[in-house]
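K.L.:
Fold the stuff below for me.
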Amino acid sequence: MFRLRYPRRRLIVVALAALAVACGTYAFTASNTVPGSTVGSGSGTISGYTVSSIVYTLNSTTPTNLDQVAFTIAPTAATTVKVQLASAGAWYTCTNSAGSVTCNTTSPQATAAAATQLTVVATQ
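P.N.:
Just a heads-up that it's a prediction; the model follows:
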């Protein structure tokens with residue numbers, strides 16, 4: 001009977017040591033904090049603008065030069081408006097005042113001969 005006690009003690013000591021190591025390992029485990037986040041998808045309609053009442057202003061000294069292009073735009077809330085008078089030509093910045101748009105075309109100077117198309121790009 002005396003011999004059986006030692007193997008039991010060893011088994012108990014080994015089990016307690018394993019339990020202590022497991023508890024210690026758990027105590028030192030790092031935790032992560034992940035904040036909440038949001039993800040989503042959506043779509044919206046892209047609609048165009050209507051340009052009308054186009055007026056080209058010729059230079060008074062050199063009437064072959066175009067000094068300005070003016071037109072009305074709807075909807076009137078366009079905040080950025082640019083025009084181009086020829087394919088691959090210069091883009092001119094415009095000002096919009098409640099749907100009445102004016103574009104100075106003097107830098108670089110536009111000419112009537114080179115003006116082959118009017119391209120308008122606008123955004124809100």
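
K.L.:
Can you get me the start-to-end distance on stretch 89-101?
P.N.:
With CA to CA, to the nearest Å as the measure, stretch 89-101 spans 20 Å from end to end.

K.L.:
So what touches that stretch?
P.N.:
In this structure, residues lying in contact with stretch 89-101 by CB atoms under 8 Å, 6 or more residues apart in numbering are 69-76, 78-79, 81-85, 102-105, 108, 110, 114, 121-122. In this view, the C-beta of every residue, glycine as well, is placed from N, C-alpha and C.

K.L.:
Likewise for stretch 68-76?
P.N.:
49-57, 81, 83, 85, 92, 94, 96, 98-106, 118, 120, 122.

K.L.:
Check which residues of that stretch are buried.
P.N.:
Using 16 or more other CB atoms under 10 Å as the test for burial, stretch 68-76 gives 68, 69, 71, 72, 73.

K.L.:
and of those residues, the nearest to residue 41?
P.N.:
For the buried residues of stretch 68-76, the minimum distance to residue 41 (CB to CB) is 31.3 Å, reached by residue 73.

K.L.:
tell me which element that closest one falls in.
P.N.:
strand 65-74 (DSSP states H and E).

K.L.:
so where's the chain shaky on pLDDT?
P.N.:
1-9, 11, 20-30 (pLDDT under 70).

K.L.:
just the helices in it please.
P.N.:
Secondary structure of the chain, counting by DSSP state H: helices at 2-27.

K.L.:
and it, what are its domains?
P.N.:
1-30, 50-123 (automatic domain parsing).

K.L.:
Nearest to residue 36 among these would be which one?
P.N.:
Here domain 1-30 is closest among the domains of the chain (CB to CB), at 20.5 Å.

K.L.:
Skipping adjacent residues, who's closest to residue 63 in space?
P.N.:
residue 112 (7.8 Å; CB to CB, 6 or more residues apart in numbering).

K.L.:
Right, I'll call it a day here.
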